[in-house]
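Enquirer: sequence first, predicted model second:
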Amino acid sequence: MQGQFILPLILGLPLLGAILVMCTPRAEASLHKGMGLGVTIITFLVSLLVLRYFNPREAGMQLVFDVEWIPGLGAHFKTGIDGISIFLVLLTTLIVPLTLLGTQKSIEKHSREFIAAILVLETGMLGAFVALDVFLFYVCWEVMLIPMYLLIGIWGGQRRLYASIKFVIYTMVGSLLMLVAIFYLYVQAGNVTGVYTTELDKLSQVALPQSAQFWCFAAFALAFAIKVPLFPLHTWLPDAHVEAPTAGSVILASVLLKFGIYGFLRFAMPLFPHGAAIWAPVIAILAVVGIIYGAFVAFAQDDVKKLVAYSSVSHMGFCALGIFALTAYGISGSIYAMLSHGLTTGGLFLGIGFLYERRHTRRLAEYGGIWKQMPIFAGLYLIIVMGSAGLPALSGFVGEFLTIMGTFNAGDTFPANFPNYLPYPRLLGALAATGVIFGAIYLLYMFQKVFFGKLDKSRNGHLKDLSGRELAVFIPLCLGIFLLGVFPRPFLRVMEPSVQKFMSDYRIRVQEPDGPAHKYGAMTPVEPMNPGAADAAPAAPTGGAQ
Amino acid sequence: MIINPADFGYIVPYLILVITGLLLVLAEAFYKGKDRTALVSLAVAGALAGAIASVVLYRQVAPGARVTLFGEMLFADRTGYILSALFCVATALTALISPAHQREHEWQLGEYYGLLLLSASGMVMLAHAANLVTIFLGIETMSIAIYVMCAMRRRSRRGNEAAMKYFLIGAFATGFLMYGMALLYGAAGTSNLLRMQSALAATSNPGLVIAGGFLLVVAFGFKIAAVPFHMWAPDAYEGAPTPVTAFMAAAVKAAAVAAMMRLFGLALGGDLLPYGRLGWASPFVVIAAITITLGNISAIRQDNVKRMLAYSSISHGGVLLVGICSLGLGAVSANGSLIYYLIAYTLSTLGAFAVVIYVGSRGNERTLVDDWSGLASKHGGAALAMTVCLLSFGGMPPTGGFFGKFYVFKSAMEVYDGQLLWLVVIGILNSAISIFYYLRIVTAMYFKEPTTPFTPTKSGGLIFVMALCPLLVLEMGIMPGFWLKLVGG
């Protein structure tokens, strides 16, 4: 198959750009910004090549690039994409240049380091999305941490020191426990198969004992739940968002949060299906709590950025709920909601950034009647707000609808004795649906406070409407929101084979009987105690991996 | 004892270090003029020659082979040679960062370089030790030189305090070491490490083995500053001249670990002692867990960069103890993981202390964290180098420190099917604590406004080390395959 070079290329381009930028003189701010923009746009264009080589009917990994990285450890530099990750990769490569374009003016100091940090961050993010090796994933996951820490700490707001350290410590604690689970899995899988490797597909052939899966999934889930962020592990998010510069907020909301959900889908659930089954009710309930709690807290905020940050808690709750409903609708909906959230929340933060550059405040009370001053901005922002609130024909609707439907029907697809039976799926679905209503309320409240009403603050009287550069940021976002909302079918069709494969793999794995670590399907069926009864119970499912 | 003349070929690195060391002492005596930092070139040349000789011999010895020399007093094997190469390189790097510090802080004594190389020769002996006697000799050769080096700044009260403390505690630890060795010898009837294990297993007096093993644990606990035997370390590290501190934190600790690898990995390895399931490792795993945690927690409270690095080095000693435990308990990859960790740790330490030297100048060491505020805006390279080294300490990928920790904890997972899982969890969670105080320095350097401007200490050697160490640390993290092959992991 063609096109293996694309994924390493889009990983390498931003990194190369970062190195080049660091080699330029310190004072050339416009050069740095131009280089950053150029590199990220080229990366985006190259990443579009993925579409050319990607076969949407195939379920497995495509464009796989595999070289041995650390022979002694069995770690591979192995990348590939499937229907689950392809749009997330494209979302990342799209959001980063838009972010750079949108925040050109707001970075005044250390522009060189700023661009380099963003570019390294992009490499880390793309790497984590395409990694097919647990070790590579972990490395990329941690590589994302330091640039984000620097973004918050150097270019952030008043309480940036506190927020940046909080962000790092929170994320580190989660990911370190994940590392322990990786160790455990690595050693166990090596003992079973005789080959020590960190490749994902080899590791996911090994079934751990269920008690071990319980703990390993918990360790992975902690890392991912902090990233999502799932209630009650979300407290780092408002701080990080509020203190981060606009670019940091946009990337954090649009891309970084997605790793929580993506990590569940790609790593935690395939590797520890029984663990996922045991934990699914807990996570689903936390997700619903997060949906409602996030919405209520968002409504109470006076700081626009904080409002949008809590709206992320609420929206990402949908994504978490969708995957743990474990229906094809739920998972497709979850991925779709991630894409929509990436575009809309990125747009919301960028818009706040535009306003902040003009007015240097984020308090709702300081605004009002902006529509008259900035009609174009208000119109475009309305589209983004509506997309986020889930208005039909815009992007948010499709994802949330599918998620809720998937949750609602979770009980129909699985019998009640199935290992991952979700308790009260209809109740959970109904409760989550209220989150959509609350979402509309707080987002419209915010929109109304900012754009409608009387233009009674004198300092709002001379605001200029969007410049060409800012339009160039908003128009692609709005087009994307429309596209995702009106034509969901092409996107869903690409996801479908991979989602179906995920589901069928999961079903096979989760029916594997408990036992010491072994390969799936390798366990001999349990011998009946009474030899005479053997005929009465023929062909008990042994895992079906044969 | 039969001495085979061919054996001398195997100890060329050792001979080079001893001869250069003695030459340096002599040259010092005949040297005219006050500033004797010029002797550094001879010291670096000697150390590098030792390193090259080690590498050459490393390639001559087959993997896994173990030649015994001088009536089974020394081993010639790959582990020994790679460690001696590491010690020689660490010595050369220490020598390179020293002259600038000597000039800026006015202690241009020439004996320093002679002592440095003689101390290194003791380390090389430890790397090859095959007998209790050579272990003892190596430790003493190494330590006595270090005691003097600590006190090199004669007018500095803190320096004298550091040297005195280090010397008294070191002498005390030597007593434990000697006594422990005597008891083990009494139980085994041999001082040879290879034959000791079977002899100890067959001994009729297990009480002696337990007592001897325990005394050795205490002695080495002092040497690598494991909690609760660590009290001397922060004071000694803070008071000693910074290049000496770097040498102590990097090479001396590594050499003590090398000795422990021989002693606990070979002589006391396996299920030898009837003391719990883990044998002698039962106290060790507890000490390791406490050392990692307490070292890190104490480091959080430090405002002095040197003290902070001292406590951080204590906690790294704990991680090394984890590796020693898994080595003694038979984990296959423990040997390689320990060496890898030592390489990464030594390089990061030397890099970090090189930056500490860079920041201080003209008698003012500027070791408070506040003194480092805004370092990045004027001295971006130094801040970047420090950041890389600190991230490596904290175990963030893609640095050598991350892979070192990864390998050590991976080998610990191999022990008795995950018996040490709790220790791995503690060790890994400590990375989060440690990253907190490492980031305090990074935060000061990058996020705070610069304080009063200053002229840093500059010299070619210093800048070279500041550039080389972070680069190597990064290289070890991004492409660890080469190093893994080197350590045989």
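Expert: That came through, no problem. Note that the structure is predicted; figures quoted are calculated from it, not measured.
Enquirer: can you list the residues that contact stretch A:145-160?
Expert: Outside of stretch A:145-160, the residues within contact range by CB atoms under 8 Å, 6 or more residues apart in numbering or on different chains are A:107, A:109-110, A:113-114, A:117-118, A:120-121, A:124, A:161, A:163-164, A:167-168, A:171-172, A:175, A:239-240, A:242-245, A:247-248, A:251-252, A:256, B:391, B:396, B:439, B:443, B:446-447. C-beta here means a position set from N, CA and C on the backbone, and glycine is covered the same way.
Enquirer: if any of those residues are buried, give me the ChimeraX selection for them.
Expert: Buried subset of those, written as a ChimeraX selection, criterion 16 or more other CB atoms under 10 Å in any protein chain shown:
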select /A:107,110,113,114,117,118,120,121,124,161,163,164,167,168,171,172,175,239,240,242,243,244,245,247,248,251,252,256 /B:391,396,439,443,446,447
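Enquirer: show me the helices in the stretch 301-450 of chain A, by range?
Expert: Counting by DSSP state H, counting those that start in this stretch, the stretch 301-450 of chain A has helices at residues A:304-325, A:328-359, A:370-373, A:375-389, A:395-408, A:410-413, A:425-451.
Enquirer: among those helices, which gets the worst mean confidence?
Expert: Lowest mean pLDDT of the helices of the stretch 301-450 of chain A: helix A:410-413, a mean of 69.
Enquirer: show me the contacts for the closest residue to B:Tyr31 other than its chain neighbours.
Expert: In space, and not counting its chain neighbours, B:Tyr31 is closest to B:Gly110: 5.7 Å by CB to CB, 6 or more residues apart in numbering or on different chains. By CB under 8 Å, 6+ apart, B:Gly110 lies in contact with B:Leu24, B:Ala27, B:Glu28, B:Tyr31, B:Arg36, B:Leu39.
Enquirer: can you tell me which of these end up in helices?
Expert: Among these, DSSP state H puts B:Leu24, B:Ala27, B:Glu28 in helices.
Enquirer: ok, B:Leu384 to A:Glu122 distance?
Expert: Distance, B:Leu384 to A:Glu122, by CB to CB, to the nearest Å: 20 Å.
Enquirer: right, I mislabeled it, should have said B:Val322
Expert: 36 Å.
Enquirer: burial count for whatever residue of chain B ends up closest to chain A?
Expert: Evaluated by CB to the nearest CB, chain B has B:Leu484 as its residue closest to chain A, separated by 3.6 Å. B:Leu484 has 22 neighbours, counted by other CB atoms under 10 Å in any protein chain shown.
Enquirer: need phi/psi at it.
Expert: With angles defined as degrees, to the nearest 10, B:Leu484 sits at phi -60, psi -40.
Enquirer: in TSV, list the helices of the stretch 301-450 of chain A along with distance to A:His274 and mean neighbour count.
Expert: TSV is the format used below for these (distance: least, CB to CB, whole Å; neighbours: other CB atoms under 10 Å in any protein chain shown):
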stretch	distance to A:His274	mean neighbour count
helix A:304-325	14	28
helix A:328-359	18	26
helix A:370-373	53	18
helix A:375-389	36	21
helix A:395-408	21	26
helix A:410-413	18	19
helix A:425-451	20	19
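Enquirer: include distance to chain B when you put these into a markdown table, please.
Expert: Listed next are the helices of the stretch 301-450 of chain A as a markdown table, based on distance: least, CB to the nearest CB, whole Å:
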| stretch | distance to chain B |
| --- | --- |
| helix A:304-325 | 20 |
| helix A:328-359 | 21 |
| helix A:370-373 | 33 |
| helix A:375-389 | 32 |
| helix A:395-408 | 33 |
| helix A:410-413 | 34 |
| helix A:425-451 | 31 |
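Enquirer: tell me the mean pLDDT for stretch B:339-349?
Expert: Here the average pLDDT along stretch B:339-349 is 94.
Enquirer: list the contacts of it.
Expert: So stretch B:339-349 is in contact with B:79, B:82-83, B:86, B:90, B:246, B:249-251, B:254, B:257-258, B:309, B:313, B:316, B:319-320, B:323, B:389, B:392-393, B:399-401, B:403-405, B:407-408, B:469, B:472-473, B:476, B:480, B:483-484, B:487, B:489, going by CB under 8 Å, 6+ apart.
Enquirer: the helices in the stretch 51-200 of chain A, which residues?
Expert: Taking DSSP H, counting those that start in this stretch as the test, the helices found in the stretch 51-200 of chain A are A:86-102, A:111-130, A:134-143, A:145-155, A:160-193, A:200-203.
Enquirer: just say which of those helices is most tucked in.
Expert: With neighbours defined as mean count of other CB atoms under 10 Å in any protein chain shown, those peak in mean count at helix A:111-130, which reaches a mean of 26.
Enquirer: counting contacts, what elements does that helix pack onto?
Expert: Applying 3 or more CB pairs under 8 Å, 6 or more residues apart in numbering or on different chains; DSSP states H and E, one finds that helix A:111-130 contacts helix A:6-23, helix A:29-53, strand A:75-81, helix A:86-102, helix A:134-143, helix A:145-155, helix A:246-251, helix A:258-263.
Enquirer: before we move on, the earlier item: just the pLDDT at the residue nearest to B:Tyr31, thanks.
Expert: Taking B:Gly110 on its own, its pLDDT is 80.
Enquirer: neighbours of the closest residue to chain B within chain A, just the number please.
Expert: In chain A, the residue that lies nearest chain B is A:Gly72 (3.6 Å; CB to the nearest CB). Other residues within reach of A:Gly72, judged by other CB under 10 Å, total 21.
Enquirer: so it makes contact with B:Gly336?
Expert: Yes. Between A:Gly72 and B:Gly336 there is a contact under CB atoms under 8 Å: 7.5 Å.
Enquirer: about what we covered before: just name the lowest-scoring one in the contacts of B:Gly110, pLDDT-wise.
Expert: pLDDT is lowest at B:Arg36 among the contacts of B:Gly110; the value there is 71.
Enquirer: with adjacent residues omitted, what lies nearest to it?
Expert: B:Arg36's closest residue in space is B:Gly110 (CB to CB, 6+ apart), at 3.3 Å.
Enquirer: then B:Leu22?
Expert: B:Gly114 (7.2 Å).
Enquirer: follow-up on the earlier one: and the helices of the stretch 301-450 of chain A: which comes nearest A:Ile292?
Expert: Checking the helices of the stretch 301-450 of chain A against A:Ile292 by CB to CB gives helix A:425-451 as the closest, at 5.7 Å.
Enquirer: point out where the chain drops to low pLDDT.
Expert: No chain was given, so I picked chain A. Applying pLDDT under 70 to chain A flags residues A:1, A:411-421, A:523-546.
Enquirer: sorry, should have said chain B
Expert: Scanning chain B with the threshold set as pLDDT under 70 gives B:1, B:34-35, B:270-280, B:489.
Enquirer: next one: A:Val313 from A:Ser164, what distance?
Expert: From A:Val313 to A:Ser164 the distance is 20 Å (CB to CB).
Enquirer: which bits of chain A sit near chain B?
Expert: Neighbours of chain B within chain A, by CB under 8 Å from any CB of the partner chain: A:26, A:68-73, A:138-139, A:142-143, A:145-146, A:149-150, A:153-154, A:160-161, A:164-165, A:168-169, A:172-173, A:176-177, A:179-180, A:183-184, A:186-187.
Enquirer: where's A:Tyr329 relative to B:Arg153, distance?
Expert: 73 Å.
Enquirer: swap that for A:Leu16, sorry
Expert: 47 Å.
Enquirer: who's more crowded, those two?
Expert: B:Arg153 (21 against 14).
Enquirer: ok, the residue nearest to the more buried one when sequence neighbours are not counted - contacts?
Expert: The shortest distance from B:Arg153 to any non-neighbouring residue, by CB to CB, 6+ apart, is to B:Gly159 (4.2 Å). Going by CB under 8 Å, 6+ apart, B:Gly159 touches B:Cys150, B:Ala151, B:Met152, B:Arg153, B:Gly239, B:Ala240, B:Pro241.
Enquirer: OK, contacts around the fourth one?
Expert: Neighbour list for B:Arg153: B:His105, B:Trp107, B:Gly159, B:Pro241 [criterion: CB under 8 Å, 6+ apart].
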